[in-house]
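In: have a look; sequence and predicted model below, questions after that.
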Amino acid sequence: MSAGSLQIERRSLPNGLVLLGHRNEASAAVVLRAMVRTGAIFDLPERAGTARLTGAMLQRGTRRHTFEELNALTDREGVSISVDVGRHTTDVNVKCLTEDLELGIGVLAEVVREPTFPSDQLEKVRGELMTALREADQDTRSVAERTFRELAYPEDHPYRRRVSGYQETVPRVELTDLVAHHARTFRPDVVAIAVAGGVEMDDAFDRLAHEFGDWVGEGEAPALPAPPAPKPVGVQARTVELPGKSQADVVLGMPGIDRRHPDFYALDVLNLILGRLGLNGRIGANVREKQGLAYYSFSELEGGLGPGPWAARAGVNPANVERAVEAILAELRGVLAEPVTPEELSDAQSFLTGVLPLALESNDGVARTLLSIELYDLGLDYLVRYPGIIRALTREQLLAAGRRHLSADSYALAIVRPAR
């Protein structure tokens with residue numbers, strides 16, 4: 001499907017809930033994806049992990065069904081439910097056949113609106129999360145990411161914290177915390193629901209309005225706190241040693257810009273050239289392919305609703321850590337010293353405009369795209385405008401954006417290596 005052929009329908013309910021949809025006549029299935037603008041950004045530092053636990057509990061029991069009943073119902077009818085909790089959003093995804101649309105919408109409504117948070121299920125979910133956290137705290141890549149955020153962001157910044165929480169904080173989260181988080185931040189005026197698949201949108205929207213139209217939020221919706229983050233002063237480096245490991249992991253970067261910043265497109269294309277395109281851009285070509293210093297090496301610009309980081313990441317032999325770091329910095333200095341080549345810019349533009357239709361080949365990809373358009377207020381004609389935005393970028397704009405937002409002199413550097 002081409003981006004220009006994606007017909008998007010949008011309806012706003014009186015309670016503020018937004019419905020988005022695209023009909024795929026060739027599909028016998030439908031995806032219903034609800035995005036709630038709430039997540040780990042609202043966690044108290046001492047109870048980090050509250051939003052993640054809340055999300056995991058949504059399908060563990062509702063006013064209409066126990067956990068076991070809901071599982072039996074969805075298994076019998078071939079309906080799947082998944083929940084993903086991020087910093088700013090919690091997504092609830094329901095997939096079903098088109099003939100089961102009414103059931104799918106009913107399941108989505110009860111999971112989003114009516115969780116009961118049974119205490120016995122909370123302890124099971126907490127146990128699963130604690131196991132995952134213990135494993136993460138013994139994984140060099142995960143510890144490097146955690147350490148990087150602690151170096152890159154100020155003490156009280158919400159981007160400093162791990163979305164899943166910590167072994168020290170998750171046991172402190174009580175049932176009342178989950179109930180309060182849901183009651184305060186799950187409300188219709190911060191929800192968008194995308195429908196993609198072989199259903200009539202008017203019918204789907206009417207059914208969704210029936211299930212969600214009487215939902216009322218009290219007072220003002222809580223603001224999403226995404227304060228700015230200053231760049232590190234000089235080099236903020238830390239090395240952590242983990243016993244029994246054979247690989248070292250490196251994260252080097254700094255707070256970046258949000259998705260809505262005017263420089264986002266230029267910085268995103270620059271990052272594509274630096275650490276993603278082909279064999280992971282210039283960083284991958286030098287650090288991994290040419291010098292053979294890394295098992296993996298790439299860079300990433302997070303974007304999002306706040307100052308998500310730009311960071312280069314690499315997994316290396318412990319003996320090669322210092323050389324790998326210097327190789328990454330050399331490539332960063334290179335893109336900040338002079339414009340990228342015309343060929344690099346052309347390749348990056350062709351990649352970005354060519355890959356967009358691939359994201360629209362599945363119902364799930366369409367639903368995610370619709371919600372992204374809504375979240376960042378990109379406009380319903382965004383997919384038509386996007387190729388022109390990318391094609392209009394110049395080498396000089398990329399260089400200027402890089403110099404404004406990146407630095408090879410002031411950055412956070414986290415190294416996690418085997419204990420010596």
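Out: Yes, it's here.

In: mind listing the helices for the stretch 301-420 of the chain?
Out: For the stretch 301-420 of the chain, the helices defined by DSSP state H, counting those that start in this stretch cover 321-337, 342-359, 363-375, 382-391, 395-405.

In: tell me which of those sits most buried.
Out: Compared across the helices of the stretch 301-420 of the chain, helix 363-375 shows the largest average neighbour count, a mean of 21 (mean count of other CB atoms under 10 Å). Where you see a C-beta, it was placed from the backbone N, CA and C, and this is true even at glycine.

In: mind checking how far that one is from the chain centre?
Out: With CA atoms, centre = their mean, to the nearest Å as the basis, helix 363-375 stands 13 Å off its chain's centre.

In: hang on, the earlier thing: so which of the helices of the stretch 301-420 of the chain is nearest residue 420?
Out: Closest of the helices of the stretch 301-420 of the chain to residue 420 is helix 321-337, at 11.8 Å (criterion: CB to CB).

In: who's in contact with the residue sitting nearest the centre point of the chain?
Out: For the chain, the residue nearest the mean C-alpha position is residue 86 (5.9 Å; CA atoms, centre = their mean). Applying CB atoms under 8 Å, 6 or more residues apart in numbering to residue 86 gives the contacts 39-40, 163.

In: please name the nearest non-neighbouring residue to residue 147.
Out: residue 414 (3.8 Å; CB to CB, 6 or more residues apart in numbering).

In: quick revisit: could I get the helices of the stretch 301-420 of the chain in TSV, plus columns for distance to residue 78 and mean pLDDT?
Out: Shown next, in TSV, are the helices of the stretch 301-420 of the chain (distance: least, CB to CB, whole Å; pLDDT from 0 to 100):
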stretch	distance to residue 78	mean pLDDT
helix 321-337	47	97
helix 342-359	25	95
helix 363-375	15	97
helix 382-391	31	97
helix 395-405	47	98
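
In: okay, those in TSV with distance to residue 118 next?
Out: Putting the helices of the stretch 301-420 of the chain into TSV (distance: least, CB to CB, whole Å) gives the following:
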stretch	distance to residue 118
helix 321-337	47
helix 342-359	37
helix 363-375	29
helix 382-391	41
helix 395-405	46
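
In: mind checking which of those is nearest residue 178?
Out: Among the helices of the stretch 301-420 of the chain, the nearest to residue 178 by CB to CB is helix 363-375 (23.9 Å).

In: using CSV, write out every CA atom in stretch 396-414.
Out: What follows is stretch 396-414, C-alpha atoms only, in CSV (Å, rounded to 0.1, in the frame of the first residue of the first chain):
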residue,chain,number,x,y,z
GLU,A,396,23.6,22.0,5.2
GLN,A,397,20.4,21.6,7.2
LEU,A,398,21.7,18.2,8.5
LEU,A,399,25.0,19.7,9.5
ALA,A,400,23.4,22.6,11.3
ALA,A,401,21.0,20.4,13.2
GLY,A,402,23.8,18.1,14.2
ARG,A,403,25.9,21.0,15.5
ARG,A,404,23.0,22.3,17.5
HIS,A,405,22.1,19.1,19.2
LEU,A,406,25.0,16.7,19.2
SER,A,407,28.5,17.0,20.6
ALA,A,408,31.7,15.0,20.6
ASP,A,409,33.0,16.9,23.6
SER,A,410,30.1,16.9,26.0
TYR,A,411,28.4,13.5,26.4
ALA,A,412,27.6,10.7,28.8
LEU,A,413,29.5,7.4,28.5
ALA,A,414,28.5,4.2,30.1
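
In: the closest residue to residue 420 other than its chain neighbours and residue 143, how far apart?
Out: Leaving aside its sequence neighbours, residue 420 sits nearest to residue 241 (CB to CB, 6+ apart; 6.7 Å). From residue 241 across to residue 143, the span is 10 Å (CB to CB, to the nearest Å).

In: ok, now residue 47?
Out: 22 Å.

In: now the strands for the chain?
Out: Along the chain, counting by DSSP state E, strands occupy 9-12, 18-23, 29-36, 80-85, 90-97, 191-197, 235-242, 248-255, 294-301, 309-316, 411-418.

In: list the buried ones in the first one?
Out: Within strand 9-12, the residues that qualify as buried are 9-11, counting by 16 or more other CB atoms under 10 Å.

In: and those, which is closest to residue 290?
Out: Closest to residue 290, out of all of the buried residues of strand 9-12 and judged by CB to CB, is residue 10, at 48.4 Å.

In: contacting residues for that closest one?
Out: Counting by CB under 8 Å, 6+ apart, residue 10 touches 18-21, 380.

In: beta partners for it?
Out: Beta-bridge pairing for residue 10 (DSSP bridges): residue 20.

In: hmm, back to that, what's the overlap in contacts for residue 241 and residue 143?
Out: By CB under 8 Å, 6+ apart, residue 241 and residue 143 have these common neighbours: residue 416.

In: neighbour count winner among the two?
Out: More crowded of residue 241 and residue 143, by other CB atoms under 10 Å: residue 143, with 20 against 15.

In: before we move on, back to that, any chance of the contacts of residue 86 in a markdown table, with pLDDT too?
Out: Shown next, in a markdown table, are the contacts of residue 86 (pLDDT from 0 to 100):
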| residue | pLDDT |
| --- | --- |
| 39 | 97 |
| 40 | 97 |
| 163 | 97 |
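
In: would you mind checking those residues for buried ones?
Out: The neighbour count (16+ other CB under 10 Å) marks 39-40, 163 as buried among the contacts of residue 86.

In: tally of neighbours for residue 103?
Out: A count of nearby residues for residue 103, using other CB under 10 Å, gives 17.

In: just to revisit the earlier point, quick check: which of the strands of the chain is buried the most?
Out: Greatest average neighbour count among the strands of the chain goes to strand 191-197 (a mean of 28), per mean count of other CB under 10 Å.
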